[in-house]
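Peer 1: Fold the stuff below for me.
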Amino acid sequence: MSLFINQMLGCLIIAACIGGAVGWLLRNVSAGKLAQQLTNVTAMMRLKEQMLEKARYQLRDSASKMQPLKEEELATSQEHSVIVGNQYVDTDRLHARLQESESAGGLVEWLDIQLTERDEQHRIALHEVELQLAERDRRIHELAQCNMQLKMHVEDNEALPTDKAA
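Peer 2: Next up is the predicted model:
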């Protein structure tokens, strides 16, 4: 019986660690590192979900393996009620942790949408800069041609007076 309770406490500790880790990750999300943190949070969520499922499986497995207690082994029916009550409390806690994990998954999806929108904005801005650079290069080329024509015109004008003197 104590093994079963120890397993339940272990599951609760794992769930608390998972909740703490998810909370820490969510507090440290910044816009500059959004993509990397999104990947990390997603991987962590999958890992924690697997750990939670494993803990749930172990809890169910332990509960199914427990043999029915004989009447003389139970001191009173109150002890049995307390044990069953504790099992329900532990199950409720695990369910609450699962719901917290699901809500964190919703936050991850929202962050992914924000990242996608920012990525699109950056792509548009980059395209605009590339267009401006192309226009600048075109103007530079036109000015260089105009400069060459002016130099040729100046050279022709300078050559004319020397021809008249000759």
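Peer 1: Can you tell me the centre-most residue of this protein?
Peer 2: When CA atoms, centre = their mean is applied to the chain, the residue found nearest the centroid is Leu38 (1.4 Å).
Peer 1: Check which residues of stretch 97-106 are buried.
Peer 2: For stretch 97-106, burial by neighbour count (16 or more other CB atoms under 10 Å) applies to Arg97, Leu98, Ser101, Ala104, Gly105. For glycine as for every other residue, the C-beta is placed from the backbone atoms N, C-alpha and C.
Peer 1: The closest residue to the second one other than its chain neighbours - how many residues pack around it?
Peer 2: Distances taken as CB to CB, 6 or more residues apart in numbering place Leu52 nearest to Leu98, at 6.2 Å, with adjacent residues excluded. Using other CB atoms under 10 Å as the criterion, Leu52 is surrounded by 18 other residues.
Peer 1: ditto for Ile14
Peer 2: 17.
Peer 1: re the thing from before, touching, the residue nearest to the centre of the chain and Trp110? I think so.
Peer 2: No. Between Leu38 and Trp110 there is no contact under CB atoms under 8 Å: 10.2 Å.
Peer 1: follow-up on the earlier one: could you check how far the residue nearest to Leu98 is from Asn40?
Peer 2: Distance of Leu52 to Asn40, given as CB to CB, to the nearest Å: 18 Å.
Peer 1: Where does the prediction get shaky in the chain?
Peer 2: 26, 28-35, 37, 66-78, 80, 161-166 (pLDDT under 70).
Peer 1: Have a look at it and report its longest helix.
Peer 2: Longest helix of the chain, by residue count under DSSP state H: helix 77-165.
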